[in-house]
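1. Structural data only, the sequence is not supplied:
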């Protein structure tokens, strides 16, 4: 199955329109940051089973209020994830390639307070819901070093395609005991931000098709579904930001 590049063409056209509006007003930039910090945090955590709603996530992050009946772990995941977004925003403006060190730092923030935060797994694991077996734990350090070198080489791909490839490679190595999906989605967004694209949010209601897309790539090499999933998320963000900036279609 071949990827339909007309989606990239449309995304490029949307981004070109957004680039003409830059710099955006500070008020709009601040609003977008608040909206996307909460939205990405909510959906990325919910995909992994966090029980906070989007409004509860906002209350926890912005007000520091505990939600009755919800696990402390869910509160900490929300706070940690927003901190990790701040970290990737700062990394996005640095004039250097992404590195293996960056990945471990992102994971350390996502899983702050948990055993194994920022550390590679030492046990072998299989993917839940499929027969896919992740690389043996003993191979993880070498695979992550190779992944870091691949990131340094800056492959000549469309920025959205590169983001999808980065996401896929990390979740397929599955270097950490927990937090791999959240870290992969943050690393994907770091790549997008570095190339001038907005944050892409994979929504919890699309969890099943999103996981199926990852499995399709891992099991048979079919990369189309995941690339399309991420491209559509980027497209959605671009359309929304253009609309808020008064340049809707």
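-> Looks like it came in fine. All values derive from a computational prediction rather than experimental measurement.
2. Nearest residue to the most centrally placed residue in the chain in space, please, no chain neighbours.
-> Central residue of the chain (Cα atoms, centre = their mean): residue 185, 1.7 Å from the mean position. Sequence neighbours aside, residue 44 is the residue nearest to residue 185 in space, at 5.1 Å (criterion: Cβ to Cβ, 6 or more residues apart in numbering). Glycine gets a C-beta too; all of them are placed from N, C-alpha and C.
3. same thing with residue 143?
-> Closest to residue 143 by Cβ to Cβ, 6+ apart is residue 173, at 4.9 Å.
4. where along the protein do the helices fall?
-> For the chain, the helices defined by DSSP state H cover 6-21, 26-47, 54-63, 72-92, 100-110, 140-152, 159-173, 180-194, 207-220, 224-244.
5. what's the spacing between the shortest one and its chain's center?
-> This points to helix 54-63. 20 Å (Cα atoms, centre = their mean, to the nearest Å).
6. So what touches that helix?
-> By Cβ atoms under 8 Å, 6 or more residues apart in numbering, the residues outside helix 54-63 that reach it are 34, 37-39, 41-43, 45, 52, 65-67, 70, 75, 78-79, 82.
7. Also the fifth one?
-> Counting by Cβ under 8 Å, 6+ apart, helix 100-110 makes contact with 77, 80-81, 83-84, 87-88, 91, 117-119, 144-145, 147-148, 151, 170, 175-176, 179, 182-183, 186-187, 190, all of which sit outside it.
8. are any of the residues you listed buried, and which?
-> 77, 80-81, 84, 87-88, 91, 117-118, 144, 147-148, 151, 170, 175-176, 179, 182-183, 186-187, 190 (16 or more other Cβ atoms under 10 Å).
9. Show me which helix or strand of this structure is least confident by mean pLDDT.
-> Taking mean pLDDT, DSSP states H and E as the measure, the chain has helix 207-220 as its least confident helix or strand, at a mean of 93.
10. Can you tell me the closest non-neighbouring residue to residue 161?
-> Excluding the flanking residues, the one nearest residue 161 by Cβ to Cβ, 6+ apart is residue 227, at 6.0 Å.
11. What of residue 36?
-> residue 199 (4.6 Å).
12. How confident was the prediction at that neighbour?
-> We have a pLDDT of 98 for residue 199.
13. now swap in residue 1 and tell me
-> 54.
14. One more: residue 24?
-> 95.
15. who's in contact with it?
-> 32, 245.
16. now with 6 Å?
-> Residue 24 sits next to no residue when contact means Cβ atoms under 6 Å, 6 or more residues apart in numbering.
17. Residue 198 versus that one, what's the distance?
-> Going from residue 24 to residue 198 by Cβ to Cβ, to the nearest Å gives 11 Å.
18. Same check on residue 37?
-> For residue 37 relative to residue 198 (Cβ to Cβ), the value is 12 Å.
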